[in-house]
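have a look at this prediction, sequence included:
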Amino acid sequence: MFQKFKQWVINRKKTAVVVAVSVVSFASYSFVDDYYFEVGKNLDIFTTVFRDVNIYYVDSVQPGELMKKGIDAMLGSLDPYTNYIPESEIEDYKMTHISAEYGGIGALVHQRNGEIEISEVYEGFPAQKADVRIGDKIISVNGNTSSGRQVDDITEFMKGQKGTSVKIVLKREGVSSPIEKTIVRDEIKFKNVPYFGMVSENTGYIKLNQFLENAATEVKEALVTLKQNPNMKHVILDLRGNGGGLLKEAVDIVNLFVDDNQKIVAQKGKIKEMNVDYFASKTAIDKEIPLTVLVDRGSASASEIVTGAIQELDRGVVIGQRSFGKGLVQQTYNLSYNTLLKVTIAKYYTPSGRCIQALDYTHRNSDGSVYKVPDSLITEFKTKNGRSVYDGSGIFPDVYTDPNPYSNLTVALFSNYLVYDYANKYAREHVSISDAKSFSITESEYNDFVHFLDGKTFDYTDRSEKKLEDFRKALEKDKHYDVVKTEFLALQQKLKDNKKMDLQNHHNEVKEVLEGEIAARYYYQKGRLEAGFKYDPEVKKAIEVMNNSSLYTTILKGEGQYKVIGKPGSEVQAKANAEREEAY
């Protein structure tokens, strides 16, 4: 009797399990059916609206333009990195995200006062070899006058198939007759590594601007070349301002400094089949040489993958400011009619498991603005040596340096082309200069620049004036302005009088940008970079840290103040947050 009862209970349990599984399965299928019904319904609505607007709207509309705006608005509600690329923009997309390569002469132009002029000439390319100079004004390209043209028009005229020629007529300051040049176009491919060299007797330096095709190969070639110098004992990898690119290139660059089988990054998304762990797969070029990585708030995506891996594997010291905080991975998919969809498919995770994405695009505020990850939700992770690092807010450097933004005076001098024009004048008056690293303008030359500015317009409002204006508005709102009006106006006048001294107050900063721009006239992009090394606070700090082997080791071991990096609520984190808020 007991056995029969026991068997009855077992059968009832089996039935309950079968029923439960059936209910769950039904619910799952029901959810899937409902989801795809919603997709189908809304596609039908979208198509119907598009059709009827094209048929009935009072004025004629451009179907392609209308659809592009609709798609852009839809994708814009997701994140800034999910984009639709129409056929007309495919080449520009490839140039920006895959490989910066085209047929041309290797020069940039800008429009100014109704004229098109050469703004940059790249060393080693046809324009430089033909002695085209910064500041030359373009009269015509292949017989097409520049008058009334836009920059894009002139750029398109100069581009063309490698080996074909282009005739450019130029007007040059100090030369009475037009200059005619026939230039043979070449393949213009901008390097991911525009510069590498020695920044001190024992410190090598590699500047990486982007992570397009062959970035890792270029970094490897730079590193191997630098290692041929027997005096080189340390390496700086500069990722400041590098907005990222191809994930594979980032993985391969880390692999240059760490041995195989080390986990570098993982990507995880909704589709499990697309989740991937990326490991170093080759023997490192050098896994021992002291290494520093320079970052700032412009270092994003692939830059953060490299920086995060180097930091968490305790392979090198990170110096600078907190990075941007883009922890999202994009994939492109071919659509009909030769169009593309670039869509965010995953988040990436550093070796410790942290995601450094700083903004939550999924849960927006009611006005559509985006939340920053609050400190209360930030989680602690550990590096290989047990140092504490944190997610949700970019990569925080091991050694924080104060940012050094240009003053509004310097920005005004740049934006009004006054530094640019003086550099052109200097180059006309000086056949040569010393090497860019040692080049420095004299006080007499600086004063010549100050006199050069006489009568020229470069109005600007500095931060103190902006704060004072905000103060005035607050006084008026609180009905206090009339009481302190006399004192306020006196203070305002005092600030205006003091601004006349700004060219002396900001002497070193203005001197720095002048030297960089002048050096570029003789040594091109390399010259601009080298002229700035002696002023560069992050480069100086990197050399200082690596020359102090005890300090370098202390940082990587996480001893003392280096045990915790960028803890939420800490003084250094608050300082970095304030700096970012002011910048944006």
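Alright, I've got the coordinates.

going forward, measure contacts and count neighbours with C-alpha atoms only.
Will do.

now stretch 152-160: mean pLDDT?
Averaged over stretch 152-160, pLDDT sits at 93.

can I get it in CSV? Just the C-alpha atoms.
Taking Å, rounded to 0.1, in the frame of the first residue of the first chain, the C-alpha atoms of stretch 152-160 are listed here in CSV:
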residue,chain,number,x,y,z
ASP,A,152,34.8,70.5,-50.2
ASP,A,153,34.7,71.6,-53.9
ILE,A,154,38.5,72.4,-53.9
THR,A,155,39.3,69.2,-51.9
GLU,A,156,37.5,67.1,-54.5
PHE,A,157,39.3,68.8,-57.4
MET,A,158,42.7,68.0,-55.7
LYS,A,159,41.8,64.3,-55.1
GLY,A,160,42.1,61.7,-57.9
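
my guess is Y535 contacts E512. True?
Yes. At 7.2 Å, Y535 and E512 qualify as touching, with contact defined as Cα atoms under 8 Å.

now do stretch 288-302: everything it contacts.
By Cα atoms under 8 Å, 6 or more residues apart in numbering, the list of residues contacting stretch 288-302 from outside reads 211, 233-247, 250, 257, 307, 315-328, 397, 538-539, 542, 546, 580.

likewise stretch 551-558?
Stretch 551-558 is contacted from outside by 314-317, 385-387, 398, 545-546, 560, 562-564, using Cα under 8 Å, 6+ apart.

list the buried residues for that stretch?
Neighbour counts over stretch 551-558 (16 or more other Cα atoms under 10 Å) mark Y552, T553, I555, L556, K557, G558 as buried.

can you redo those residues as CSV with secondary structure?
Output for these, formatted as CSV (DSSP: H, G, I helix; E, B strand; the rest coil):
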residue, secondary structure
Y552, helix
T553, helix
I555, helix
L556, helix
K557, helix
G558, coil
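
which pair in these has the greatest spatial separation?
Using Cα to Cα, the pair of these lying farthest apart is Y552 and G558, separated by 10.1 Å.

so for L489, what's the pLDDT?
On the pLDDT scale, L489 is placed at 86.

wait, E65
At E65, the predicted lDDT confidence score is 92.

quick one, phi/psi of it?
Backbone dihedrals for E65, given as degrees, to the nearest 10, come out at phi -70, psi -40.

what's around it, how many residues?
10 (other Cα atoms under 10 Å).

which SS state does I118 fall under?
strand.

spell out the secondary structure type for G197.
strand.

contacting residues for it?
Here G197 is in contact with G204, Y205, I206, L226 (Cα under 8 Å, 6+ apart).

if we can go back for a sec, so for Y535 and E512, which sits in the more crowded spot?
E512 (18 against 13).

where's the more buried one relative to V370, distance?
With the distance defined as Cα to Cα, to the nearest Å, E512 ends up 38 Å from V370.

same deal with G76?
Using Cα to Cα, we find G76 at a distance of 12 Å from V370.

now G516
G516 is 38 Å from V370, by Cα to Cα.

of those two, who's got more company?
More crowded of G516 and V370, by other Cα under 10 Å: G516, with 27 against 15.

brilliant, that's me finished.
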